[in-house]
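> Sequence first, then the predicted structure, then my questions.
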Amino acid sequence: GINAEYGTNNASSRMKYSKNVSSSRRKSRKAHFNAPSNIRRKIMSAPLSKELRTKHNVRSMPVRRDDEVKVVRGTYKGREGKVIQCYRKKWVIYIEKVTREKANGQTIQVGIDTSKVVITKLKIDKDRNRLLLRKAAGRSAGKDKTAEDVEVD
């Protein structure tokens, strides 16, 4: 077919390791926008602040309701507040002090994308704690491997 003519089917031009995952843009977008709530939770992750990152040895976490975040991009840059709601259907979070006035004077929440925020304070319960420990263990295991490789050389 068309792929054979242009040589896009050879291994060097396409970096794909798993046969179970498509590298098609169309299918990736479909999977993303039709993702169920539990997968959206993971996609709607945000990086941790520098202090939290050093404390927990974890880079990012899924945002949840009572976390405190800081907006680092866009019109509302610099605003901090508690997450009121994670609206997974719309891919946004609502933050306490991030509001705007409608023409009729009513104040409404403004949806902020999770990629534009940094988590400054985590609400920790037992499940969240287990996740933090698990992620930290994975990171430290990865660090050990790289340290050993350096020593061998």
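Received the coordinates, thanks.
> Show me which helix runs longest in the protein.
Criterion DSSP state H: the longest helix present in the chain is helix 126-152.
> Who are the packing partners of that one?
If you count contacts as 3 or more Cβ pairs under 8 Å, 6 or more residues apart in numbering; DSSP states H and E, helix 126-152 packs onto helix 50-56, strand 60-62. Backbone N, C-alpha and C define where each C-beta goes, glycine included.
> and Lys97, which of the three is it?
Following DSSP: H, G, I helix; E, B strand; the rest coil, Lys97 is assigned to strand.
> isn't Lys123 right next to Val69, touching?
No. With contact defined as Cβ atoms under 8 Å, Lys123 does not count as touching Val69 (11.2 Å).
> Look at these two and report which has more neighbours.
Set Lys123 next to Val69 and count neighbours by other Cβ atoms under 10 Å: Val69 wins out with 25 against 13.
> per-residue pLDDT, the residue most central in space within the chain?
Nearest residue to the geometric centre of the chain (Cα atoms, centre = their mean): Ser45, 2.6 Å. With respect to pLDDT, Ser45 scores 97.
> Contacts only, for it.
60-63, 114 (Cβ atoms under 8 Å, 6 or more residues apart in numbering).
> And these, which of them are buried?
Buried members of these, counted by 16 or more other Cβ atoms under 10 Å: 61-63, 114.
> Test my guess that Val72 contacts Val118.
Yes. Under the criterion of Cβ under 8 Å, Val72 makes contact with Val118 at 5.4 Å.
> Any regions of this protein where pLDDT drops low?
1-14, 145-153 (pLDDT under 70).
> try 80 this time
Scanning the chain for pLDDT under 80 picks out 1-16, 143-153.
> What's the separation between Arg73 and Gln109?
As defined by Cβ to Cβ, to the nearest Å, Arg73 lies at a distance of 18 Å from Gln109.
> Show me which of the two is the more surrounded one.
Gln109 (16 against 12).
> Give me the residues contacting the host helix or strand of that one.
Gln109 is located in strand 107-112, with elements delineated by DSSP states H and E. The contact list for strand 107-112, computed with Cβ under 8 Å, 6+ apart, reads 71, 74, 76, 84-85, 87, 90, 92-95, 98-102.
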